[in-house]
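Enquirer: Build me a model:
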Amino acid sequence: MVSLNLSLNRLGNRDRAHPTTDGQLCLELLCRVLRRNSALEHIDLSYCNFDGEECHALAQALRENRSIVGVHSAGNAFTLDTHMFLVDPDDVDGDKRRQAELQAARAAAAERRRKKAL
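Expert: Residues are numbered from 1 along each chain as shown. Next up, the predicted model:
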């Protein structure tokens, strides 16, 4: 397993009075790596001080990644939902929407299997 441990680094801008350009550059580079890397299977982002906007950008990048199977996210402004997607803990409607989308995708897949079996 290929893993990357970035925990306990102040990479994000949460709790900073003035966000830094270094933090923004770090976020952009990390998102680029997450989108493009196909070998990484686990990443630990615990206590990296990511705020809500940064967590949203990371979540988008992780959705595009097809190799990562494990993410540690404690100590940031996001959490994992029931399907292991990074979400804003205050985004209840977003979680419900994702659950409905997943249920619809499962139903469509079951219908395709049923038609194929006929």
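Enquirer: any idea how far the residue nearest in space to the middle of the chain is from residue 45?
Expert: Among the residues of the chain, the one closest to the centroid is residue 59, at 3.0 Å (Cα atoms, centre = their mean). Distance from residue 59 to residue 45, counting by Cβ to Cβ, to the nearest Å: 11 Å. Bear in mind the C-beta positions are built from the backbone N, C-alpha and C, glycine included.
Enquirer: Likewise for residue 103?
Expert: As judged by Cβ to Cβ, residue 103 and residue 45 stand 28 Å apart.
Enquirer: Next: residue 6.
Expert: 6 Å.
Enquirer: Provide the count of other residues in contact range of residue 64.
Expert: The number of residues packed near residue 64 is 10, by other Cβ atoms under 10 Å.
Enquirer: Look at it and report its pLDDT.
Expert: pLDDT, residue 64: 88.
Enquirer: Please verify my assumption that it contacts residue 34.
Expert: Yes: the criterion here is Cβ atoms under 8 Å, and residue 64 meets it with residue 34 at 7.5 Å.
Enquirer: which stretches of the protein form strands?
Expert: Along the chain, the stretches classed as strands by DSSP state E are 3-5, 42-44, 70-72, 79-80, 86-87.
Enquirer: if we can go back for a sec, measure the residue nearest to the centre of the chain to residue 77 for me?
Expert: Counting by Cβ to Cβ, the gap from residue 59 to residue 77 is 11 Å.
Enquirer: low-confidence ranges in this structure?
Expert: 1, 14-21, 79-99 (pLDDT under 70).
Enquirer: the helices in it, which residues?
Expert: Along the chain, counting by DSSP state H, helices occupy 21-36, 52-64, 92-117.
Enquirer: Return the most buried member of those helices.
Expert: helix 52-64 (a mean of 18; mean count of other Cβ atoms under 10 Å).
Enquirer: which secondary structure elements does that helix contact?
Expert: Judged by 3 or more Cβ pairs under 8 Å, 6 or more residues apart in numbering; DSSP states H and E, helix 52-64 is in contact with helix 21-36, strand 86-87.
Enquirer: Great, nothing more from me.
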